[in-house]
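Novice: Generate a structure from the sequence data that follows.
(3 chains)
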Amino acid sequence: MGQRVPERAGRLGGRVGHAVFWVAIWTLALAGLLYLLLPTLIIVLASFTAGEYITFPPRGLSLRWFARLMALEEVRTSAWRSLIVATAATAVAVVLGVAAAFPLVRSRFAGREALNAFLMSPLILPSLVYGLAGLMFVSAIGVPLSVPVLVLSHVAIIVPYVIRTTAASLALLDPHLEEAARSLGANAWKTFLRVILPNLLPGIATGAAFAFISSFDNLTVSLFLAGPRVETLPIRLFAMINFDLDPAAAAISAVLVLITFAVVLLAHWAVGLTRVVRL
Amino acid sequence: MDRPVESRDQSLSTSAARARQAVWSRQLRLWQLVLPATLFLLVYFVVPLGMLFYFSVRAPGVQGMTLLNFQKLLTDSFFLETLGLSVRLSLEVTAVALVLGFPLAYLYTRLGPAWRLTILFVTLLPLLTSAVVRSFAWIVILGKQGLINAALIGAGVVDTPVKLLFTLDGVRIALAQVQLPFMLLPLINAMERIDPSLEQAAVSLGASQSRAFFKVTVPLSAPGVVAGAILSFALTISAFITPAMVGGGSFTVIPTLIYQSAIVTLDWSTAATTALILLVVALAVVWGGMSLARRFRYGPESA
Amino acid sequence: MKPAVAIERRAVTPSPTSARPDLRLVTVSRRYGPVTAVDRVSLDVAPGEFVTLLGPSGCGKTTLLKCIAGFLPPSEGQVVLRDEVMNDVLPHLRNIGIVFQHYALFPHMTVADNVAFGLRMRKRPRGAIASRVQEMLRLVRLPGFADRYPHQLSGGQQQRVALARVLAVEPVLLLLDEPFGALDKKLRVEMQLEVKQLVALLGMTTIFVTHDQEEAMRMSDRVAIMHAGRIVQCAAPEVVYDRPYDLFVADFIGSSNLLDGRILGTGAARLRVEVAGVPLDVPSNATPLTGEAAVVMVRPENLALSDTRPPDRPAWAGVDSLALHTGPVMEYEVVIGETWRLRVSRPRMQVESARVWAKGDRVAVTVVDLEAVRVFPSSTAGATSVRSL
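Specialist: Take a look at the predicted model:
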C-alpha cells in the first residue's frame, strides 16, 4: 500500500530546487555577514596607512597616525574626558542598576512589568530626543552645562544595560543556593556578599561593559549636553571628520573599535555571547 | 486540659504573624532597592521629557498652552516632505535589513557553535561601535576613491566614479548596515525558539526544503520579524549621525531638523514640537507593530 | 522431561513472511569523523511488520532512523525502500511518515490544516483533502477537533493528531521516534495499544524507536536491540527474552542474575557448569566457549525458594537478606556463602508460593527450569550491569 517513490525526473528536479534554495540562503547570509563586518574592518585597516590621506587599500603600513594622536592635544584631552565621563557614569549606573534588578526579579508586586518597562525605556527612546529634552531641562533649572551634568545624563541612558544583564543573571541564579547559605547560618548581608554577588559578577561586569562603551561612544546626547568647552572623543572625531578626511580620525576610530572589541570579548568570557543575545 | 491547647494556638498564631511580618519587611526592603533607580530616571528622564512637552505647547506671545507650534509644522510643506522622507527612508532601510538578516538568522539556527559565535561576534561588534566610527567608515567606502568605486571601476562596470557619498542612496546603504544588527538579534531570538523538528516534520510530509521554510519557519518567526522591524524602524527614523555625516547637507531628515532648530537657530519651540512629533510617529509604529505581533501568537510554541 | 529449548544461534531472525521486504538496510553505517554512530547495520523489514529499535541512549537508534528518513546520508551502505535505493532521494520525496518525540504539530495551523498538510503538498484536490481529513480524524477518534489549535489539545490528543497527519498520506513506511516519551505512564500504555491496533488495521510497516523495554516487548513483532551502533539481536520478543544472543542482551532485557561460572565439562549441545559450588546441567550457547570461565544467566523468576534443600536437584543454601513486596511479585535477595547474592522473584498468588519468606530466613534456592539457563563466554564485552557478586 502507499504511493511509489517518484520517478528519476522528479528526483532530479527536487535536487535542483534544493540546491537553489541553499545557494540563495547562503549567498544572502554571507552578503549580510560581509556587510556587517567590512566597514569596521576597512576603517581599522585604513588607519594603518603610511600615506597622507585615507585610501583603501592603504598606501603602506605604519603607525604614524596613532603616534600623531598622542601628539594632538585636543585628542588627548577629549579622550581623557570621555574616559572620566564613561567611568563615572558606569559607576553610578552599576550602583543604581544592580540594586534595581533585585526587586524586579525577586518580588512579585503589581506593576512590576510596568516598572520594568519604565526602567528599560531609555533604550527605546531616540537619544536625539533625550539630548534635546535634557538640554531644555538643565537650562530651565538654571544649571550650567558641565561634566557632572553630562555624566548624569549618560547614566540615564546606560542604566538599562546594567539592569538588564544583572536581572538576567539573577534570574538564572538558583534560589536554593541562598536558602542553603541561610540554613547554614549566614545572615542576609553575608549571603549577598559571599553567595549572590560572586555569581552575579559576570552579569554585572557584562552590563557595566556595555554601559561603559555606550557612554564612551555616545555622540548625540553629548552634542547637546556637553557644552562649548567640554569635548568628548566622539565629539572631537565628529568635528575632525566634518572638516577633512584626516587619517588621524581613522586612527581614533581604530582605537574606539579596539575598545569595543575588548568589550565584546569580555562579554563572551564573562557570560557567553549566546546568552547576551537572549537578553 | 484547656490551657495547653490555648497556648499552642497562641504560639501558632504568633509564629504565623511573625512569618507574615518577615515577608512584608523583606518586600519592603526590596522596594527600597529599586527606588534610587526609579527616582533617578524620574528626575533625569521623565522630567526632561516633560520639558519637551512644555516647550512644544508654548509659543512666543501666546498665553498658556497652545497647539500653534504643531499647527505650524504640520501645515508646512517642507516639514511634511521631510517627515515623508524620514518615514520612507526608514521603511526602505528596514526592508533591506530584513532581507539580509532573515537568511543569516536562519543559518544561525542550523549551523554549529563556531559559526554561531562568528555570527554573534560580527553582529555585536558594529552594534556596540560608535555611530561616528561607523559613519566614518562608510564615508571612506562610498567616497570617489573609496572601496565601492574602486571595485566598480576596476571591474569595468563604470568609467568614472559614481557619486554615492553625500547622497540619499549612500545614506540608505550606510543606514541598512547600521540597522542590520538590530534586526538580526530579535530574529535570531525568535528563530531559536522554533522547534527544529517542525521543519523536519514538514519535509517528511512531502514539503521540499524551500516549501518547508516558507510554510513553517517563516510564519513562525513572524514575532521576531515584527520585533526586529519595529526596533529597526524606530532607530532609523531617529538616526542623526549617519544621515548627517554620510549625507552631508544634501538632504534633511527629521533629526537634522531637530538639531538645527535646537542648536543652530535656537528655536526651541520648533525643536521640541518636532521632537514630539517624531516620538509620536515612532511610538505609533512600535504600538502598531506590537499589536500586529500579538495577532501572530500561536499559543505556547510547540516545543 | 521437557524438550530441550532451542538455542538462539542467529543474531538476526528473519521476518516470518517471504514477501519482498518493504525496507532493507544493507550494511548501513554513519560515521562522524572517528566516531561511528551506526556500524554496518543490516535489516529486512517485511510488509506490515512492526520492528522496534531498542537500546540505551547513544546506541545509534535515532541516527539510524534519520538515515532511513533521509535527513542524514549514510557513510556506507544502502537504504532500500520497496526495491528502490533511497540513498540519493531527498527526504521529502521518500513518502516515509515520521511521528516525532514531541509531536511537531504546526502550532500556527489548525488540526485540520495539520492533517491536510501532506495532502496539500501532494496537490490533491480540495474536496478529496477535506474528506480524507475527516476520515483520519475519525480513525484516531478525534472527530470535531478540526478547528482547534495544537496548544488547545492535551498530550495524548496531540499524539493522535500527529498520527492522523502522518497516516493521511499513506506512507510506505512509518517511523516513530520515542513518541510516548512525554506522556505519563497510564496514558503511555493506552497509546501503545491504540497505535499498535491502528497500524495493524492499516497493515502499516512500522519502525519504532524506544529505550523502554516494556514498550518494545509489548508492541513489536520483532525487537532489534542496538548497542554501540550495531544490531546485537533482532528477533521476536519472547525469543529475545528467553534466548538472548549474548551477554549484552541478557543483561539489557529484563532482569537477570549474572553469575561467574566454571565449566566442568561439555557434551552434545549441553554443558556442565559450576556456580557458587553447585553444578548445573544446562544447554550450551551458540557461541562456543573457550576456557573454563563463563557467565551464567538465571532470571529471578527462574529461581524458587524452599526451607530445606531438595534431595533431587541442585540447590544453593543461603540466608534471605531482602524481601520486597512489589505488587504482583515478591522480590527476594538471598546471600549465598560470603559473596554471592541471588535475586529471586516469586508471584504472590500461586498456591505453591503462598509461603512468604522474611529477612533472616535460612532458605534453599533451586532452579525452576534448567533449560532456561544461559551460559555466555565471560569475555563478551558489553554487559553494563554489575555482576551479582
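Novice: contacts and neighbour counts: CA atoms only from here.
Specialist: Noted.
Novice: tell me the secondary structure for residue A:95?
Specialist: helix (DSSP: H, G, I helix; E, B strand; the rest coil).
Novice: near chain B at all, stretch A:72-83?
Specialist: No. Residues of stretch A:72-83 are not located near chain B by CA under 8 Å from any CA of the partner chain, the shortest gap being 12.7 Å.
Novice: May I have that stretch exported as PDB, CA atoms only?
Specialist: Provided in PDB are the C-alpha atoms of stretch A:72-83 (Å, rounded to 0.1, in the frame of the first residue of the first chain):
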ATOM      1  CA  LEU A  72      47.400  66.200  19.300                       C
ATOM      2  CA  GLU A  73      46.400  67.800  22.500                       C
ATOM      3  CA  GLU A  74      42.700  68.100  21.700                       C
ATOM      4  CA  VAL A  75      42.600  64.400  21.100                       C
ATOM      5  CA  ARG A  76      44.400  63.600  24.300                       C
ATOM      6  CA  THR A  77      42.100  65.900  26.300                       C
ATOM      7  CA  SER A  78      38.900  64.600  24.800                       C
ATOM      8  CA  ALA A  79      39.900  61.000  25.200                       C
ATOM      9  CA  TRP A  80      40.700  61.600  28.800                       C
ATOM     10  CA  ARG A  81      37.400  63.400  29.200                       C
ATOM     11  CA  SER A  82      35.500  60.500  27.600                       C
ATOM     12  CA  LEU A  83      37.200  58.100  30.000                       C
END
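Novice: where do the strands sit along the stretch 151-300 of chain C?
Specialist: Along the stretch 151-300 of chain C, the segments classed as strands by DSSP state E, counting those that start in this stretch run C:173-177, C:206-210, C:222-227, C:230-235, C:257-267, C:270-275, C:278-283, C:293-298.
Novice: what does the fourth one contact?
Specialist: Under the contact criterion CA atoms under 8 Å, 6 or more residues apart in numbering or on different chains, strand C:230-235 has outside partners C:10-14, C:38-42, C:59-60, C:222-226, C:240, C:244-246, C:249.
Novice: which of the strands of the stretch 151-300 of chain C sits most buried?
Specialist: strand C:222-227 (a mean of 28; mean count of other CA atoms under 10 Å in any protein chain shown).
Novice: other SSEs contacting that strand?
Specialist: strand C:50-54, strand C:230-235, helix C:237-242 (3 or more CA pairs under 8 Å, 6 or more residues apart in numbering or on different chains; DSSP states H and E).
Novice: want to throw those into CSV with mean pLDDT and distance to residue B:72?
Specialist: CSV is the format used below for the helices and strands packed on strand C:222-227 (pLDDT from 0 to 100; distance: least, CA to CA, whole Å):
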stretch, mean pLDDT, distance to residue B:72
strand C:50-54, 95, 77
strand C:230-235, 91, 81
helix C:237-242, 91, 87
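Novice: and residue 228, how many neighbours?
Specialist: Going with chain A. Burial measure for residue A:228: 10 neighbouring residues, criterion other CA atoms under 10 Å in any protein chain shown.
Novice: You answered for a different chain; I wanted chain C.
Specialist: 18.
Novice: Could you check the pLDDT of it?
Specialist: According to the prediction, residue C:228 has pLDDT 90.
Novice: Just the element for residue B:218, please.
Specialist: helix B:218-220 (DSSP states H and E).
Novice: neighbouring contacts of that helix?
Specialist: B:191, B:194, C:108.
Novice: Quickly name whichever of those residues is closest to chain A.
Specialist: residue B:191 (11.5 Å; CA to the nearest CA).
Novice: The closest one: helix or strand, and which one exactly?
Specialist: Using DSSP H and E, residue B:191 falls in helix B:168-192.
Novice: do the same with residue C:363
Specialist: Using DSSP H and E, residue C:363 falls in strand C:362-367.
Novice: For that strand, give the mean pLDDT please.
Specialist: 90.
Novice: how near is the residue in the stretch 1-150 of chain C positioned nearest to chain A to chain B?
Specialist: Using CA to the nearest CA, the closest approach of the stretch 1-150 of chain C to chain A is made by residue C:94 at 5.8 Å. Distance check for residue C:94 against chain B: by CA to the nearest CA, to the nearest Å, it reads 8 Å.
Novice: and that residue, how many neighbours does it have?
Specialist: 25.
Novice: Contact partners for it?
Specialist: A:5, B:204, B:206, C:69-70, C:86.
Novice: what do you get for residue A:66?
Specialist: Per CA under 8 Å, 6+ apart, neighbours of residue A:66: A:248, A:251-252.
Novice: Just the closest of the residues you listed to chain B, please.
Specialist: residue A:252 (8.6 Å).
Novice: That closest one touches residue A:69, doesn't it?
Specialist: Yes. Residue A:252 is in contact with residue A:69 according to CA atoms under 8 Å; the separation is 7.4 Å.
Novice: Just want to know which of those two has more residues nearby.
Specialist: residue A:252 (23 against 17).
Novice: In terms of helices and strands, where is the more buried one?
Specialist: With DSSP H and E as the criterion, residue A:252 is inside helix A:247-270.
Novice: cool, and residue B:162?
Specialist: Per DSSP H and E, there is no helix or strand for residue B:162.
Novice: So what's the residue count around the closest residue in space to it that isn't next to it in sequence?
Specialist: Leaving out its chain neighbours, the residue that sits closest to residue B:162 by CA to CA, 6 or more residues apart in numbering or on different chains is residue B:149, at 6.4 Å. Look at residue B:149: counted by other CA under 10 Å, it has 22 neighbours.
Novice: helix or strand for residue B:149, which one?
Specialist: helix B:147-154.
Novice: And the contacts of that helix?
Specialist: A:56-57, B:140-143, B:158-162.
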